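Visitor: quick one: sequence plus predicted model below, questions after.
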2 protein chains.
Amino acid sequence: MSESDKIGIYHFVAEPFHVDFTGRLTMGVLGNHLLNCAGFHSTDRGFGIATLNEDNYTWVLSRLAIELDEMPYQYENFTVWTWVENVYRLFTDRNFAILNKDGKKIGYARSIWAMININTRKPADLLALHGGSIVDYVCGEPCPIEKPSRIKVASTKSLGEVKARYSDIDINGHVNSVRYIEHILDLFPIEFYREKRIRRFEIAYITESYYGDELTFCRDEVGDGAYDIEVRKNGQEVVCRSKVIFTAQ
Amino acid sequence: MSESDKIGIYHFVAEPFHVDFTGRLTMGVLGNHLLNCAGFHSTDRGFGIATLNEDNYTWVLSRLAIELDEMPYQYENFTVWTWVENVYRLFTDRNFAILNKDGKKIGYARSIWAMININTRKPADLLALHGGSIVDYVCGEPCPIEKPSRIKVASTKSLGEVKARYSDIDINGHVNSVRYIEHILDLFPIEFYREKRIRRFEIAYITESYYGDELTFCRDEVGDGAYDIEVRKNGQEVVCRSKVIFTAQ
């Protein structure tokens, strides 16, 4: 199989309700597109959710890191490439490139996924899945951004509370992965986005939250425009952690 | 021009982060798609926002009413048709049909738009725009749902408050039209959506709200599964009104 067969290529346009007040695509929408591309790519190659579900397995997103030089502007076309970088027994690394309307690479993303058994919720052996055929798709395409980091948050003072409501909940009954991105970015006042842009966004999903859960958000400012955020549910369990790095526009 | 040239036809798939916990496309996402289709259709025919902006005009959505027998299910393809029903001096009626994966019509929508001058914010004469060429696109395709109604809300007790945050704001600096739909539907507990579905959703946009505005939501139950909702900003001005009609699934 050639390297180009291993890369999934998907085209988008920055829709008007998907851009923020600066006219640039929001990080939540970009995250949504990346996760959809992961789904398209794995489905087209026979290891998508629908195929897995038949065997009682499903993909679970563990980490996502996105780093960009610029975001597509309203009505601009852009393209996402995605491919599998590594397959381990319990995890797989899936990478992405984001290309602007002229085909120039403007950003990259890294994601880490596990597969679990739907009934037992236990991790499954990726190398045993369909005779390990996912390994055939491993691709050497470069992804020149850092791997997702370990995020630690010291602050215990919540900056805000969000009760998980109808619109937050996905088909699995969980708060959906994209909504966390939006809630986290809403912690920052709009002035932040007027003067700065997000250079890097990271999120590590730790446990699920559900309808009615009270989400609280603690944040450490860690210097050089970076912020570490921890989301807890009902004042207790950590749901996810995120790192947001702003830079001058 | 034939009737088929007048109708814009656009294809979609119900993405996983665009469906609710029942696996059906959310009304907010459908509203987003309809408004995008309105944009594609008018742009392709020379009266889109980009063309208008050059002349300092823009479209403003005044009302939207959506009525459906069913919503597309996760991963299902669906299609939106849109066309212009009427053009008056200050308003135009644009209608939509929603077709399921098998091409069967599963719903319709009606919308009313005005055009304003960007500088003066005053309404513009649609019949004078580009020599009135928009009239050439008026189409007799049937849209067998009721026109948007006059919504009146008696209750003055707020069911909830939402402060408009970064993710709510569009390129014009306003809370975006789709976010109101989500905030309104979040007023209903999830049990509502477990037992019922939305048969008809209406919204009338009255004035804009901005970052930091405190939105409050008052609701009248008006019988037969119908609810009228009024959204105010900062305890004063009415921002929009909505009617949601639930029916048994």
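Guide: Nice, thanks for sending it over.
Visitor: quickly find the element holding the residue most central in space within chain A.
Guide: By C-alpha atoms, centre = their mean, the mean C-alpha position of chain A lies nearest to residue A:64, the distance being 3.9 Å. Following DSSP states H and E, one finds residue A:64 within strand A:57-68.
Visitor: check whether that strand contacts chain B.
Guide: No - on the criterion C-beta under 8 Å from any C-beta of the partner chain, strand A:57-68 is out of touch with chain B, staying 10.8 Å away. (Each C-beta comes from the backbone N, C-alpha and C, glycine too.)
Visitor: any chance you could list what contacts whatever helix or strand comes next after that strand?
Guide: Tracing the chain C-terminally past strand A:57-68 and defining elements by DSSP H and E, one meets strand A:77-87 next. Outside of strand A:77-87, the residues within contact range by C-beta atoms under 8 Å, 6 or more residues apart in numbering or on different chains are A:6-14, A:25, A:33-34, A:37-38, A:41, A:72, A:92-101, A:103, A:106, A:110, A:126-127, A:132, A:134-135, A:137-139, A:141, A:143.
Visitor: in helices, which of those appear?
Guide: A:6, A:33, A:34, A:37, A:38, A:41 (DSSP state H).
Visitor: and the furthest pair within those residues?
Guide: Of all pairs drawn from the ones in helices among the contacts of strand A:77-87, the greatest distance, 19.6 Å, lies between A:6 and A:33 (C-beta to C-beta).
Visitor: neighbour count winner among the two?
Guide: residue A:33 (22 against 18; other C-beta atoms under 10 Å in any protein chain shown).
Visitor: wait, that one touches residue A:13, no?
Guide: No - Residue A:33 is beyond contact range of residue A:13, at 10.7 Å (criterion: C-beta atoms under 8 Å).
Visitor: buried subset of the contacts of strand A:77-87, written for ChimeraX?
Guide: Buried members of those, defined by 16 or more other C-beta atoms under 10 Å in any protein chain shown, are picked up in ChimeraX with:
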select /A:6,7,8,10,12,13,14,25,33,34,37,38,41,72,92,93,94,95,96,97,98,99,100,106,110,126,134,137,139,141,143
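Visitor: the contacts of strand A:77-87: which ones sit near chain B?
Guide: Of the contacts of strand A:77-87, not one also sits near chain B (C-beta under 8 Å from any C-beta).
Visitor: show me which residues of the lowest-mean-pLDDT helix or strand in chain A are buried.
Guide: Counting by mean pLDDT, DSSP states H and E, chain A has its least confident helix or strand at helix A:49-54, which shows a mean of 70. Using 16+ other C-beta under 10 Å as the test for burial, helix A:49-54 gives A:49, A:52.
Visitor: mind giving me the packing neighbours of it?
Guide: Counting contacts by 3 or more C-beta pairs under 8 Å, 6 or more residues apart in numbering or on different chains; DSSP states H and E, helix A:49-54 is packed against helix A:27-44, strand A:57-68.
Visitor: switch to 6 Å and redo it
Guide: Helix A:49-54 sits against strand A:57-68, with contacts defined as 3 or more C-beta pairs under 6 Å, 6 or more residues apart in numbering or on different chains; DSSP states H and E.
Visitor: quick one: mean pLDDT for the strand it packs on?
Guide: Strand A:57-68 carries an average pLDDT of 95.
Visitor: before we move on, back to that, now do the strand holding residue A:64: which elements does it pack against?
Guide: helix A:49-54, strand A:105-117, strand A:196-205.
Visitor: that strand versus strand A:105-117: what angle between them?
Guide: Between the axes of strand A:57-68 and strand A:105-117, defined by axes from the mean of the first three to the mean of the last three C-alpha atoms, to 10 degrees, the angle is 160 degrees.
Visitor: now strand A:57-68, how far from the centre of its chain.
Guide: 5 Å (C-alpha atoms, centre = their mean, to the nearest Å).
Visitor: what's in contact with that strand?
Guide: Under the contact criterion C-beta atoms under 6 Å, 6 or more residues apart in numbering or on different chains, strand A:57-68 has outside partners A:49, A:52, A:106-118, A:124, A:145, A:148, A:177, A:200-205.
Visitor: PyMOL command to pick out the buried ones of these?
Guide: Here is the PyMOL selection string for the buried members of those, based on 16+ other C-beta under 10 Å:
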select buried, chain A and resi 49+52+106+107+108+109+110+111+112+113+114+115+116+124+145+148+177+200+201+202+203+204+205
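Visitor: residue ranges of each domain in chain A, please.
Guide: Per automatic domain parsing, the domain ranges recorded for chain A read A:3-137, A:158-248.
Visitor: any chance of those in CSV, with distance to residue B:191 too?
Guide: Below are the domains of chain A laid out as CSV (distance: least, C-beta to C-beta, whole Å):
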stretch, distance to residue B:191
domain A:3-137, 25
domain A:158-248, 10
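Visitor: out of these, which gets nearest to residue B:214?
Guide: Nearest to residue B:214 among the domains of chain A is domain A:158-248 (14.4 Å), distances taken as C-beta to C-beta.
Visitor: quick check, the closest one touching chain B?
Guide: Yes - against chain B, domain A:158-248 shows contacts by C-beta under 6 Å from any C-beta of the partner chain at A:165, A:166, A:167, A:169, A:171, A:173, A:176, A:178, A:182, A:186, A:190, A:211.
Visitor: just send those back as TSV, with distance to residue B:243 and neighbour count too.
Guide: Formatted as TSV, the residues of domain A:158-248 next to chain B follow (distance: C-beta to C-beta, whole Å; neighbours: other C-beta atoms under 10 Å in any protein chain shown):
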residue	distance to residue B:243	neighbour count
A:165	20	20
A:166	18	19
A:167	19	19
A:169	24	22
A:171	27	16
A:173	28	11
A:176	27	23
A:178	28	23
A:182	27	21
A:186	28	19
A:190	31	19
A:211	25	17
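Visitor: nearest to residue B:240 among the residues you listed?
Guide: Closest to residue B:240 out of those is residue A:167 (16.7 Å), distances taken as C-beta to C-beta.
Visitor: I'd assumed residue B:184 was in contact with the closest one.
Guide: No - using C-beta atoms under 6 Å, residue A:167 makes no contact with residue B:184, being 9.9 Å away.
Visitor: on that earlier part again, what's the least confident stretch among the domains of chain A?
Guide: Among these, domain A:3-137 carries the lowest mean pLDDT, at a mean of 92.
Visitor: endpoints of it, how far apart?
Guide: End-to-end distance of domain A:3-137 (C-alpha to C-alpha, to the nearest Å): 9 Å.
Visitor: with stretch A:137-152 instead?
Guide: 34 Å.
Visitor: just stretch A:116-130 next, same as before
Guide: Taking C-alpha to C-alpha, the first and last residues of stretch A:116-130 lie 15 Å apart.
Visitor: give me the contact list for that stretch.
Guide: The list of residues contacting stretch A:116-130 from outside it, by C-beta under 6 Å, 6+ apart, reads A:56, A:57, A:58, A:60, A:87, A:89, A:90, A:92, A:114, A:115.
Visitor: again, only this time at 10 Å
Guide: Identification of contacts with stretch A:116-130 by C-beta atoms under 10 Å, 6 or more residues apart in numbering or on different chains yields A:46-47, A:51-53, A:55-60, A:87-92, A:113-115, A:132, A:134-135, A:172.
Visitor: hmm, back to that, between the ones in helices among the contacts of strand A:77-87, which is closest to chain B?
Guide: residue A:33 (9.1 Å; C-beta to the nearest C-beta).
Visitor: ok, now which ones touch residue A:214?
Guide: Taking C-beta under 10 Å, 6+ apart, we find residue A:214 in contact with A:158, A:161, A:162, A:163, A:164, A:232, A:233, A:234, A:235.
Visitor: ignore what I typed, I meant residue A:139.
Guide: Residue A:139 neighbours (C-beta under 10 Å, 6+ apart): A:1-7, A:81-86, A:95.
Visitor: what would the residues you listed look like in a markdown table with distance to residue B:152?
Guide: Listed next are these as a markdown table, based on distance: C-beta to C-beta, whole Å:
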| residue | distance to residue B:152 |
| --- | --- |
| A:1 | 64 |
| A:2 | 64 |
| A:3 | 63 |
| A:4 | 60 |
| A:5 | 60 |
| A:6 | 59 |
| A:7 | 56 |
| A:81 | 52 |
| A:82 | 50 |
| A:83 | 56 |
| A:84 | 57 |
| A:85 | 58 |
| A:86 | 60 |
| A:95 | 54 |
